[in-house]
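[1] sequence first, then the predicted structure, then my questions.
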Amino acid sequence: MRRFFISSQAIVQGRAQLSGEEFHHLRHVLRLGRSARIALYDERGATYHGEILRIAPTYAEVGITKHQSAVSSSLHLTLAQGTLKGRQMDLVIEKATELGVYAIAPFVSAFTVVRIPDDKRAERTARWQHIARAAAKQSGSPPPEIRPPQSFPELLHSVPTPSGKLIFSERERTLHLKEFARHATQFDSLHILVGPEGGFAPEEIEQAQAAGFVSVSLGASVLRAETASITAVALCQFLWRDIRSPLP
Ligand code: SAM
């Protein structure tokens, strides 16, 4: 069944109004019409099954027949990613969404190559949200919250104290993620930091450690930032997500 993103606010008393890009896709690309059965999902990961009741010039009205709340994962994983060049960042957003991250928090640090001007932040965030929604549509995972880019110190301060905290560093020589996992308990919430193309400055790793982050390695090879991110997310989900909620 075709899936479309809808804001939960566009669903009132069992009826949904699908407009904008999703309507364009439904009507002009897929050419769906009255009586077609479709699935909708919202920003909280809830899924709705329904039937198109009416096609208006700019929206489709959908009658909801079934509603399913989001399946909650046992792990809320937030990927904090140093902003990367266009395609690499898009790739990280797409793959992290497929892998079911809860939130993505881009940040700008000392060796960040890509600096996003203040007046472009909202636009860039909207673009990443769009990529995440498309990836969520494909994978069936709820779309993650995409936060606007922050500075590195702002990011460190924004992480709640009870969360598990890891900083991935190619300079870490003693503690591999595998070794860390051997002694770690289950997390409800985990924040992971992956640096930009230029990596973290040594003092940033110290600042993160002072803020409670544990520095871990993914092995002796220096991975490209996007490879490190996707690997880190996949491994953390493998290690901690599915223990209490196996995949359906
Ligand atoms: N500073 C390095 C340089 O320019 O040669 C490389 C930085 S690396 C491309 C970007 C980010 O990927 C790092 O900040 C780190 O978070 C992550 N990373 C890459 N390889 C890693 C490894 N073996 N273990 C842990 N993290 C790694």
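    Sure, I can see it.
[2] what's the domain layout of the protein?
    Per automatic domain parsing, the domain ranges recorded for the chain read 3-68, 72-246.
[3] out of the ones you listed, which comes closest to the ligand?
    domain 72-246 (2.3 Å; CB to the nearest ligand atom). Yep, even glycine has a C-beta here, placed from its N, CA and C like the rest.
[4] now the helices for this protein?
    Using DSSP state H, the helices of the chain run over residues 20-24, 86-98, 121-139, 152-158, 177-183, 202-210, 225-236.
[5] including distance to the ligand, mean neighbour count and mean pLDDT, could the ones you listed go into TSV?
    Output for these, formatted as TSV (distance: least, CB to the nearest ligand atom, whole Å; neighbours: other CB atoms under 10 Å; pLDDT from 0 to 100):
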stretch	distance to the ligand	mean neighbour count	mean pLDDT
helix 20-24	33	16	92
helix 86-98	10	20	96
helix 121-139	19	17	90
helix 152-158	12	16	95
helix 177-183	8	13	93
helix 202-210	9	15	97
helix 225-236	3	21	97
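[6] deepest-packed of the domains of the chain, please.
    Of all these, domain 72-246 has the most neighbours on average by mean count of other CB atoms under 10 Å, namely a mean of 18.
[7] could I get the helices of the chain as CSV with distance to residue 56?
    Output for these, formatted as CSV (distance: least, CB to CB, whole Å):
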stretch, distance to residue 56
helix 20-24, 9
helix 86-98, 31
helix 121-139, 22
helix 152-158, 41
helix 177-183, 52
helix 202-210, 51
helix 225-236, 40
